[in-house]
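Novice: the following comprises the amino acid sequence and a computationally predicted model.
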Amino acid sequence: MAIAQLTEAERTAALAALPEWTLREDGLAITRTFRFADFAEAFGFMTRVAILAEKADHHPEWFNVYNRVEITLTTHDAGGLSKRDVALASAIDGFGH
Ligand SMILES: C[C@H](O)[C@H](O)[C@H]1CNC2=NC(N)=NC(=O)C2=N1
């Protein structure tokens, strides 16, 4: 399913609203790293994100080692950032700390 990439102005506004997220060097994705007390906390967070992602049919690229979870959001269907990434990032912020 095709979905539009964000315009330059939308991307700027989105990043301003997501101060914890970093634009990847190629400009096509945003990333954030979370740290938790231990693996159980990290995995609990991942479980909450997974349920949300499945409902939204929009899934994170992520990497977990022990208490660290690195998340990358991009929209393959758009070839870059879309409003789905912004929505998922903001929902993930609500689960993190
Ligand atoms: C077929 C299915 O709708 C697509 O593969 C969806 C699923 N989840 C997705 N997740 C993300 N992050 N980007 C996508 O483009 C995407 N596409």
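Specialist: Done, it's in.
Novice: what does the chain have sitting close to the ligand?
Specialist: 1, 57-59, 75-77 (Cβ under 6 Å from any ligand atom). Placement of C-beta: from N, CA and C, glycine included.
Novice: pick the one among these closest to residue 13.
Specialist: residue 75 (16.9 Å; Cβ to Cβ).
Novice: so who does the closest one touch?
Specialist: For residue 75, the contacting residues are 3, 5, 58, 81-82, 84-85, by Cβ atoms under 8 Å, 6 or more residues apart in numbering.
Novice: so what's it closest to, chain neighbours aside?
Specialist: The spatially closest residue to residue 75, leaving aside those adjacent along the chain, is residue 82, at 4.0 Å (Cβ to Cβ, 6 or more residues apart in numbering).
Novice: what separation is there between that neighbour and residue 42?
Specialist: 27 Å (Cβ to Cβ, to the nearest Å).
Novice: what's the answer for residue 70, then?
Specialist: Remark: distance between residue 70 and residue 42 (Cβ to Cβ) = 11 Å.
Novice: so what sits against both of those two?
Specialist: With Cβ under 8 Å, 6+ apart, residue 70 and residue 42 have common neighbours 34, 64.
Novice: which of the two has more residues huddled nearby?
Specialist: residue 42 (19 against 14; other Cβ atoms under 10 Å).
Novice: so the more buried one, which of the three states?
Specialist: Using DSSP: H, G, I helix; E, B strand; the rest coil, the structure places residue 42 in helix.
Novice: what's the average pLDDT for stretch 69-86?
Specialist: Averaging pLDDT along stretch 69-86 gives 97.
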